[in-house]
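Undergrad: Starting from these lines, generate the structure:
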Amino acid sequence: MLDGEQIPPRSEPAHSASEQKQSAGRQARHAYVSDVPRLKILVVMDDANGFSAVEHCLRYMSRYDTHTTLAGNLGAARFVISTDDFDAILLDADVDGGRGLELLAEMGSIALSSPCILIAAQQTPRLQAAALKNGATACLAKKQLTAKLLQDVLHSGLRGYAFP
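TA: Numbers count the residues shown, from 1 in each chain. Predicted coordinates:
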């Protein structure tokens, strides 16, 4: 090309109506995924099967995209809580031989603002009362845990409400 000569614009091939719809659908799905709030969740659990069940529920929640961190015992949980911020904490009541309520009480004493959901193998009225007294948003039974239930409880907790 000579100096000062302009390059003609490149013409794009015409797309069919179905290709345009597919492209719009891909863009809409892509935009939808980015609009979903991302939550950082700490899971305090020493049971691999329990963690798998919780992670499965978190993966299938439609309202949130989640990033989970696992703490396998109370010491690890204390360390992670002191070094990082989380949007929510899922705490196994049976961690370290049933000492989950101990950690829950400690978190209440340091005025941790993240909602904490206690998950127990055997949910009793006494455990539920103790969990709520120590600042839990909810106390859920492991065998009744579903993605929908966990999503609803997290949503309530993030809005500042205790779940009934």
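Undergrad: can you give me the strands in this structure?
TA: Applying DSSP state E to the chain gives strands spanning 38-44, 65-71, 88-92, 116-120, 138-141.
Undergrad: do you know which of these lies nearest Leu154?
TA: strand 88-92 (5.6 Å; CB to CB). C-betas here are computed from N, CA, C, even on glycine.
Undergrad: So Phe79 versus Tyr64, what's the distance?
TA: 25 Å (CB to CB, to the nearest Å).
Undergrad: Looking at the two, which is more packed in?
TA: Taking neighbours as other CB atoms under 10 Å, Phe79 and Tyr64 compare with Tyr64 leading, 18 against 12.
Undergrad: before we move on, back to that, okay if I get the strands of the chain as a markdown table plus mean pLDDT, mean neighbour count and distance to His155?
TA: Below are the strands of the chain laid out as a markdown table (pLDDT from 0 to 100; neighbours: other CB atoms under 10 Å; distance: least, CB to CB, whole Å):
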| stretch | mean pLDDT | mean neighbour count | distance to His155 |
| --- | --- | --- | --- |
| strand 38-44 | 92 | 20 | 10 |
| strand 65-71 | 91 | 17 | 13 |
| strand 88-92 | 94 | 26 | 10 |
| strand 116-120 | 93 | 25 | 11 |
| strand 138-141 | 92 | 21 | 11 |
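Undergrad: Adding distance to Leu101, write these out as JSON lines.
TA: Listed next are the strands of the chain as JSON lines, based on distance: least, CB to CB, whole Å:
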{"stretch": "strand 38-44", "distance to Leu101": "12"}
{"stretch": "strand 65-71", "distance to Leu101": "16"}
{"stretch": "strand 88-92", "distance to Leu101": "9"}
{"stretch": "strand 116-120", "distance to Leu101": "8"}
{"stretch": "strand 138-141", "distance to Leu101": "10"}
